[in-house]
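Asker: make a model of this:
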Amino acid sequence: MKTFSSAEEKKQRKHIEHAIFQVKYARRMKDDLITDEIRDRLLGLQKELKGLLKAKKYSEGVALADNATTLARKVHPAPRGAYALRENIEVILVVMAVALGFRTYFFQPYQIPTGSMQPTLYGITANTDYTPDWTDKVPARFGKFLLTGSRYKRIEAKATGIMPVISGDDRKDTYYYVTIGGRRHKIHQDMIFEVLPSTVARPKFHPWFPLPGTKVTKGDVITQGLLKQGDHIIVNRMSVNFARPDRGDIVVFSTKNLPLVRSNSAYIKRLTGLPGETIGIEDGKLYADGKLVLEPDVFLRQYEDEKYSGYGNFPDGRESITLGDEEFLMMGDNTYHSLDGRYFGGVPAENILGTGVFVPWPFFNRGIHDDRAGRVY
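Answerer: Numbering: from 1, shown residues only. Have a look, this model is predicted:
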C-alpha cells in the first residue's frame, strides 16, 4: 500500500477543505438561481467530502474535490485564484467586524493627550533636562520606544525667519504649531516653556528657546528633549449600560454639545459630582452638598499627597455648581492645568462612554523603576 508523508497528507487535506469552501460559497451565492438538482448535487458533494475528511481518507477525497471544484466554478464562475482571494477577504471582514464591535460595545483603548490627570495618568510630556545616549541610536531607540514610549526629539528650524508670538490659538492639546519663515513646526509645550501657561502662573520660556521677535536661521536647533507618549488606557464601555459610574471613577466622555471645548472629541477626567448635587471648592478641597468629600481614598490623596495640588477654584468666581438630574461633574486631578467641568459645567449621562480600567502601555514611561502598565486609580 502506498503511504504518504505528513506533508503530503496536509496538502491533500487543505485541497479538500478548499473544495468544500468553494462548494459552499457557490451554493450560497447562487442559491436563488440554481435548480433543485444542482443544489442537491452540491450538498451531496459537500457532505461526502466532509465525511472523507473526518475519516482521514485524504487520497480518496482529492479526486472528488477536483470534481466538486469544477462543478462549483460552473455554478459560480470566477477568475483564477478569486475563490482564495474572496475567502481571505471574508475572513478579514469578519475579524474587522468583531474587532470593531468589541471596541464599540465592550473595551476601547484611548491615549491620554494632556496633563490634566497627572500624576494619576500621564499625558504626552517632554523632559528637556536630558542628554541623549546609546539608547537613542538605531536600533536601540526602537526597543526603548516599545518599552517606555519615549524618544529623543530635536527640533531644527526648517527655514530662516522670525520667531512669532506664541499664543493659545497656536495650541492643540499639548502641542504648539509655530510658523517660522512660512514653515510650520510642531513643538511640545514642555520643550518651549519652563513654566507652562496656567490660570495661576505666567508662562516662562526655557532660557535657550528663541524669544518672540528673535531671528532664527534654517538648521538652528530650536529646542530638544525626551518626548514621552501619554498613557494608553483601556476603557470599559459595557459597564455604563448597566450602572452609572460612581464618584471617584476615571471616566471617558464625549464633548458633544459642551461649551468651551472641541466638539466631537473625548475627554478623560475623574467623576467628582453626582446628579442633583451642589459641588463646591474651598481651600483646595471638594464639597458635595456642603459636606467634605472623603471617599473614595483618591480624594484624600488629592488633599494630602504632596504630588497633588488640591482642587483649583471655579474660574468665574463662583463658589459652587449645581448639577441637573442627569448630569455629572468631571474634573482633572491636575486642576491647575485642566479644562474641565469647572469651565464647561455638568456632563449629560448620555455623553458618558465608559470607565478606565487598565493601562497596557507604556510599561516604563516615567523612569525604568516606575512601572506604568496596569496603573489606574
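Asker: neighbours of residue 16, how many?
Answerer: By other CB atoms under 10 Å, 21 other residues sit near residue 16. In short, each C-beta sits where N, CA and C put it, glycine included.
Asker: how far away is residue 168 from residue 355?
Answerer: Here the criterion is CB to CB, to the nearest Å. By it, residue 168 lies 31 Å from residue 355.
Asker: swap in residue 127?
Answerer: 30 Å.
Asker: out of those two, which sits in the more crowded spot?
Answerer: residue 355 (20 against 15).
Asker: so the more buried one makes contact with residue 241?
Answerer: No: if you go by CB atoms under 8 Å, residue 355 and residue 241 don't touch, sitting 11.6 Å apart.
Asker: where does the prediction get shaky in the stretch 151-300 of the chain?
Answerer: For the stretch 151-300 of the chain, the stretches with pLDDT under 70 are 199-200.
Asker: what are the bridge partners for the residue sitting nearest the centre point of the chain, then?
Answerer: Centroid-nearest residue in the chain: residue 110, 3.0 Å away (criterion: CA atoms, centre = their mean). Beta-bridge partners recorded for residue 110 (DSSP bridges): residue 233.
Asker: my guess is it contacts residue 252, does it?
Answerer: Yes: between residue 110 and residue 252 a contact is recorded at 5.9 Å, counting by CB under 8 Å.
Asker: anything in contact with each of these two?
Answerer: Counting by CB atoms under 8 Å, 6 or more residues apart in numbering, the residues touching both residue 110 and residue 252 are 235, 266, 268.
Asker: quick one, phi psi at the second one?
Answerer: Note on residue 266: backbone dihedrals following degrees, to the nearest 10 are phi -130, psi 130.
Asker: ok, the spatially closest residue to residue 273 that is not a sequence neighbour - contacts?
Answerer: Of all residues beyond its chain neighbours, the one nearest residue 273 is residue 329 (3.0 Å), with distances taken as CB to CB, 6 or more residues apart in numbering. Listed by CB under 8 Å, 6+ apart, the contact set of residue 329 reads 271-274, 277, 279, 321, 323, 341, 346-347.
Asker: element containing residue 329, please.
Answerer: Element membership for residue 329 (DSSP states H and E) is strand 327-331.
Asker: give the rounded mean pLDDT of that strand.
Answerer: Average pLDDT, strand 327-331: 97.
Asker: adjacent strands (with direction) for it?
Answerer: Here, using DSSP bridges, strand 327-331 pairs with strand 266-273 (antiparallel), strand 347-348 (antiparallel).
Asker: what does the next helix or strand after it contact?
Answerer: Next in sequence after strand 327-331, counting helices and strands by DSSP H and E, comes helix 341-344. Counting contacts by CB under 8 Å, 6+ apart, the residues outside helix 341-344 that touch it are 255, 258-261, 269, 272-273, 281, 312-315, 321, 329-331, 335, 347.
Asker: again, only this time at 10 Å
Answerer: Outside helix 341-344, the residues within contact range by CB atoms under 10 Å, 6 or more residues apart in numbering are 199, 255, 257-261, 267, 269-273, 279, 281, 311-316, 318, 321, 323, 327-332, 335, 347.
Asker: put the alpha carbons of that helix into CSV.
Answerer: Provided in CSV are the C-alpha atoms of helix 341-344 (Å, rounded to 0.1, in the frame of the first residue of the first chain):
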residue,chain,number,x,y,z
GLY,A,341,-16.3,70.8,34.5
ARG,A,342,-15.4,73.9,36.3
TYR,A,343,-15.4,75.6,32.9
PHE,A,344,-18.0,73.7,30.8
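Asker: figure out how far it is from the centre of its chain.
Answerer: 24 Å (CA atoms, centre = their mean, to the nearest Å).
Asker: for the record, mean pLDDT for that helix?
Answerer: Averaged over helix 341-344, pLDDT sits at 95.
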